[in-house]
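**Q** Need the 3D shape of this:
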Amino acid sequence: MPIADVAAAWPERFEELTGRLAPRFGRKDLRRRAEAYIQGLLGRVERKNSWQLAEAAGDATPHGVQRLLGRASWDADAVRDDLRAYVVDRLGEADGVLIVDETGFLKKGPKSVGVQRQYSGTAGRIENCQVGVFLAYRSGRGAAFLDRALYLPKSWADDRPRRREAGVPEDVAFATKPEQARSMLRRALKAGVPAAWVTADEVYGSDYKFRSLIEQAGLGYVVAVSSAQRLFLGGFYGRADALAADLPADAWCRVSCGAGSKGQRLYDWAFVAFAFQSDEETTKGLLVRRSIAEPHERAYYLCRSPRGTKVETLARVAGCRWAIESAFEQAKQEVSLDGYEVRSWAGWHRHVTLSLLAHAFLEALRAEAAPPPPKTRDAASGSRSPDGARGAPPAHAAGLADRA
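**A** Numbers count the residues shown, from 1 in each chain. Next up, the predicted model:
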């Protein structure tokens with residue numbers, strides 16, 4: 001659809017979105033408040049805090065906004081389900097990619113629920129922050145979020161007075177980030193989200209239970225692991241980096257894992273199949289990414305894919321992780337994902353859910369304005385790469401797999 005037509009359709013599309021949410025808010029005044037909040041997040045308000053959003057909605061005080069995010073009666077998890085259904089309706093494709101990642105929310109004080117000094121990927125160092133774990137979806141139409149979970153450190157989970165002050169529900173116990181990721185993935189699978197692949201960074205890729213859940217669902221995965229990842233190589237264990245160090249020169253092929261802001265993201269890639277872990281339908285193995293400019297800089301991925309899948313397809317699934325990083329940046333800049341002033345458990349989940357809905361709305365509009373190019377079928381695997389790229393040379397696997 002031409003951009004001008006999309007702009008003209010904006011009110012109708014927004015009404016469709018908010019119409020989905022109407023049953024979740026009961027009273028008309030609460031529904032109008034939620035609609036105004038989302039519209040404010042989508043607007044051009046410079047600082048989208050409670051005062052600014054209230055002013056944009058025509059209110060003299062922020063009390064209505066604060067009530068929406070605090071004391072008002074509505075279920076943020078039910079709205080999350082609406083978010084997931086909306087993303088599937090607007091962006092869903094059979095060969096979609098589910099992406100798990102986390103982001104940090106920097107804070108100054110100790111009162112915000114879940115805050116402590118912990119590593120923040122946003123800052124690239126240990127900071128006083130909250131951390132949210134997210135499940136996103138990528139297809140040829142675009143990328144948006146499906147689910148979210150606030151990480152509650154053990155120091156918080158075991159501190160009952162602190163929990164009460166922040167309104168943490170009694171049934172919320174400490175859960176590791178991989179456990180949270182598994183819960184979100186189960187919800188997506190139960191809801192029938194169309195997908196063929198899962199990708200995640202090494203915090204999640206190194207978790208055996210996470211990979212097992214994906215296998216039980218019949219999906220492929222390309223998940224990052226550390227260089228020290230122990231691999232069972234048919235009678236002995238070896239490290240991922242040691243296995244990669246023995247690869248011959250002809251094991252590598254140069255392909256793009258997707259387009260970036262400066263053009264195609266080109267790397268050298270190699271794949272080693274684990275013959276003893278594979279069967280007639282699927283292949284498991286190790287994918288290695290090597291920097292062209294700095295060959296010693298490498299990344300490692302455990303993979304499960306349909307037999308015959310080519311290296312380029314695996315590389316592009318791995319590259320889908322950049323989609324969620326871009327989505328985080330968009331959500332923070334465009335719809336104030338990190339601009340909240342709430343401190344409570346309910347407040348965090350309510351603001352973040354509505355912010356993700358606003359981002360999904362924008363992504364759906366972008367998809368209408370710029371339809372993706374036709375996808376090209378991977379001749380070997382019968383699947384289509386996430387970005388519609390043509391197939392690459394087959395994985396260099398045969399001899400090394402048996403030798404390993």
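
**Q** Just confirm Leu342 contacts Arg71, I think it does.
**A** Careful, residue 342 is Val; it's not Leu. No. Applying C-beta atoms under 8 Å, one finds Val342 not in contact with Arg71, separated by 11.8 Å. Placement of C-beta: from N, CA and C, glycine included.

**Q** Looking at these two, which has the bigger crowd around it?
**A** Val342 (19 against 9; other C-beta atoms under 10 Å).

**Q** mind listing what that one touches?
**A** Listed by C-beta atoms under 8 Å, 6 or more residues apart in numbering, the contact set of Val342 reads 69-70, 112, 348, 350-351.

**Q** pretty sure it belongs to a strand, no?
**A** No. Assessed with DSSP: H, G, I helix; E, B strand; the rest coil, Val342 is coil; it does not lie in a strand.

**Q** ok, Gln54 - contacts?
**A** Small correction: residue 54 is Ala, not Gln. Counting by C-beta under 8 Å, 6+ apart, Ala54 makes contact with 60-65.

**Q** Look at Gly58 and say how many residues are nearby.
**A** Under the criterion other C-beta under 10 Å, the count of neighbours that Gly58 has is 7.

**Q** Now name the helix or strand holding it.
**A** Assigned by DSSP states H and E, Gly58 belongs to no helix or strand.

**Q** just the one 10 residues further on next, same as before
**A** Of the helices and strands defined by DSSP H and E, Leu68 is found in helix 63-69.

**Q** mind listing what Lys190 touches?
**A** Going by C-beta under 8 Å, 6+ apart, Lys190 touches no other residue.

**Q** Give me the residues contacting the helix holding Leu68.
**A** The contact list for helix 63-69, computed with C-beta under 8 Å, 6+ apart, reads 30, 33-34, 37, 50, 53-54, 57, 59, 340, 342, 346-347, 350-351.

**Q** so after it, what's the next helix or strand?
**A** Later in the chain than helix 63-69, the nearest helix or strand by DSSP H and E is helix 76-91.

**Q** Going by neighbour count, which residues of that next one are buried?
**A** Using 16 or more other C-beta atoms under 10 Å as the test for burial, helix 76-91 gives 76, 79-88, 90-91.

**Q** Touching that helix from outside, list them.
**A** Against helix 76-91 from outside (C-beta under 8 Å, 6+ apart): 17, 20-21, 24, 137, 139, 141-148, 187-188, 191, 193-194, 346, 349-350, 353-354, 356-357, 360-361, 363-364, 367.
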